[in-house]
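Asker: turn this into a model:
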Amino acid sequence: MTRNRTSVIVDARMIASSGIGTCLRNTLPRILRARPDWHFTLLGDPDRLRDVVSSGNSEIKVAGARVYSLREQLDFARLGLRRADLFWAPHYNIPLAPTSRLVVTVHDVMHLTLPEYRNHWLRRQYATTMYAAVRRRSTAVMCDSDFTRREFERMVGTAQSTHVVHNGVDESWFDIPPNPDFGSSPRPYIVFVGLAKPHKNLVGLLQAFTTIRDRVPHDLVIIGSRRDALRTSDRRIEEVSAALGDRVRFAEHLELSSLQQCVAGADLLVQPSFYEGFGLPPLEAMAAGTACLASRIDALVEVCGDAVAYCDPYDPADIARRLLELLDSPEVRQQLGSRGRERARAFSWDRSATETLAVFEQVLAS
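Answerer: Numbers count the residues shown, from 1 in each chain. Model (predicted):
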């Protein structure tokens with residue numbers, strides 16, 4: 001590694017995942033282009049990284065250890081991380097091996113707050129240990145919302161330097177040809193995007209939709225979860241969705257263009273989560289001009305402002321009532337779609353990359 005150039009190592013192993021991967025796929029290429037005189041070492045799968053990053057100022061080092069594992073720490077230890085000027089960890093599973101300067105992105109602290117993690121001894125112990133290491137060892141922490149910053153300080157403590165760097169939305173979301181005939185059914189539909197994890201509250205959405213299915217012509221399209229995998233996440237999801245028959249459709253691993261057409265063609269996107277650190281699906285739907293119904297929780301209110309309708313995620317009856325109001329009012333949905341597109345313009349990956357680089361430079365100057 002050439003020592004007269006600023007050298008940065010990035011843990012890019014999660015480049016293909018959903019939330020964190022979306023951030024990496026959008027910010028990394030911009031950062032590399034913006035600093036051609038720096039040298040970047042990207043840790044991860046070469047095949048996946050070559051598809052995303054093509055730059056003369058970067059190299060790829062194979063790092064295939066599973067996240068949250070002992071092996072990832074052994075990999076970090078053998079890589080000699082201290083030789084780089086800065087190490088960027090896009091998640092809280094930071095290297096415990098010595099680094100020169102450590103910048104960590106914290107997307108949420110759900111591993112400390114949600115019952116499915118807090119009530120599992122090993123998961124709780126790992127998260128407690130690693131978040132404490134983030135607070136103690138990081139030169140700077142970047143949170144993707146002010147809500148996450150507050151939660152980090154409440155659950156972990158105050159880091160040496162903390163910054164809020166919001167996620168962005170790709171420009172392609174603003175210009176999508178809608179596809180109202182998504183899938184095999186000609187019926188209109190509402191859409192849910194996300195994995196069937198308990199905090200996403202898919203159970204509540206399915207219960208709400210069950211109570212109104214005879215009053216609306218819509219299907220419910222669930223993107224991100226296979227129907228045959230739901231029994232491993234929450235058996236109630238399997239039972240309620242089975243009772244809906246062909247009124248619920250599942251789609252997994254859609255290409256970006258298909259996902260965008262599905263969201264743009266929906267009458268409504270619903271994000272009924274109990275907990276979010278940011279909330280990319282409603283932001284992307286807003287950019288596409290699709291009206292949204294979201295949980296009234298701090299992170300989603302911070303991102304969505306007055307450009308979406310809100311519901312109480314803990315009350316399926318309230319979700320159902322708000323669904324009916326919106327599905328019965330094309331005018332309100334059109335107004336929300338217009339406000340959503342305007343609001344989404346405030347979030348861009350160019351801005352995220354610029355603000356991330358500003359944190360890097362501040363850390364390098366320290």
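Asker: I'd guess residue 283 is in a helix, am I close?
Answerer: Yes. Under DSSP: H, G, I helix; E, B strand; the rest coil, residue 283 sits within a helix.
Asker: I figured it was touching residue 174, is that so?
Answerer: No. The pair residue 283 / residue 174 is not scored as a contact, 11.7 Å apart, by CB atoms under 8 Å. Any C-beta I mention is one placed from the backbone N, CA and C, and that applies to glycine too.
Asker: those two: which is more packed in?
Answerer: Ranked by neighbour count (other CB atoms under 10 Å), residue 283 and residue 174 place residue 283 first, with 27 against 15.
Asker: mind listing the shared neighbours of residue 283 and residue 174?
Answerer: Counting by CB atoms under 8 Å, 6 or more residues apart in numbering, the residues touching both residue 283 and residue 174 are residue 344.
Asker: pull out the buried positions in stretch 57-68.
Answerer: By neighbour count on 16 or more other CB atoms under 10 Å, the buried set for stretch 57-68 is 58, 60, 63.
Asker: does the second one count as helix, strand or coil?
Answerer: Same thing as residue 60. Three-state call for residue 60 (three-state DSSP): strand.
Asker: who touches it in this structure?
Answerer: 41, 42, 43, 44, 46, 49, 50, 53.
Asker: sheet partners, orientation included, of the helix or strand containing residue 191?
Answerer: With elements taken from DSSP states H and E, the one containing residue 191 is strand 189-193. Looking at strand 189-193 with DSSP bridges, its partner strands are strand 219-223 (parallel), strand 268-271 (parallel).
Asker: what's in contact with the longest one?
Answerer: Spelled out, it's strand 219-223. 182-183, 185, 187-194, 196, 202, 205-206, 209, 241, 244, 246-252, 254, 259, 262, 266.
Asker: just the buried subset of those, please.
Answerer: Among the contacts of strand 219-223, those scoring as buried are 182, 188-194, 196, 202, 205-206, 209, 241, 247-251, 254, 259, 262, 266 (criterion: 16+ other CB under 10 Å).
Asker: can you pull the contacts of residue 212?
Answerer: By CB under 8 Å, 6+ apart, the contact list for residue 212 reads 320, 323, 324, 327.
Asker: how close does the spatially closest residue to the third one that is not a sequence neighbour sit to residue 319?
Answerer: So the one you mean is residue 324. Nearest non-adjacent residue to residue 324, counting by CB to CB, 6 or more residues apart in numbering: residue 212, 5.5 Å away. Taking CB to CB, to the nearest Å as the measure, residue 212 falls 9 Å from residue 319.
Asker: give me the angle between the lowest-mean-pLDDT helix or strand in the chain and strand 219-223.
Answerer: Every helix and strand of the chain was ranked by mean pLDDT, DSSP states H and E. The lowest is helix 235-244, at a mean of 80. Taking axes from the mean of the first three to the mean of the last three CA atoms, to 10 degrees, one finds helix 235-244 and strand 219-223 inclined to each other by 140 degrees.
Asker: the next helix-or-strand element following helix 235-244 packs against which elements?
Answerer: Following helix 235-244 in sequence order, the next helix or strand is strand 248-251 (DSSP H and E). Helices and strands touching strand 248-251, by 3 or more CB pairs under 8 Å, 6 or more residues apart in numbering; DSSP states H and E, are strand 219-223.
Asker: pLDDT of the strand it packs on, averaged?
Answerer: Averaging pLDDT along strand 219-223 yields 95.
Asker: how about the strands in the stretch 51-200 of the chain?
Answerer: Under the criterion DSSP state E, counting those that start in this stretch, the stretch 51-200 of the chain contains strands at 58-62, 86-89, 102-106, 140-143, 162-164, 189-193.
Asker: mind checking these for the one nearest to residue 351?
Answerer: Closest to residue 351 of these, according to CB to CB: strand 162-164, at 11.9 Å.
Asker: burial check on residue 170, number of neighbours?
Answerer: Neighbours around residue 170, by other CB under 10 Å: 15.
Asker: ditto for residue 98
Answerer: Per other CB under 10 Å, the neighbour tally for residue 98 reads 13.
Asker: tell me which residues touch it, please.
Answerer: The contact partners of residue 98, taken as CB under 8 Å, 6+ apart, are 81, 82.
Asker: measure it to residue 81 for me?
Answerer: Computed with CB to CB, the distance linking residue 98 and residue 81 is 7 Å.
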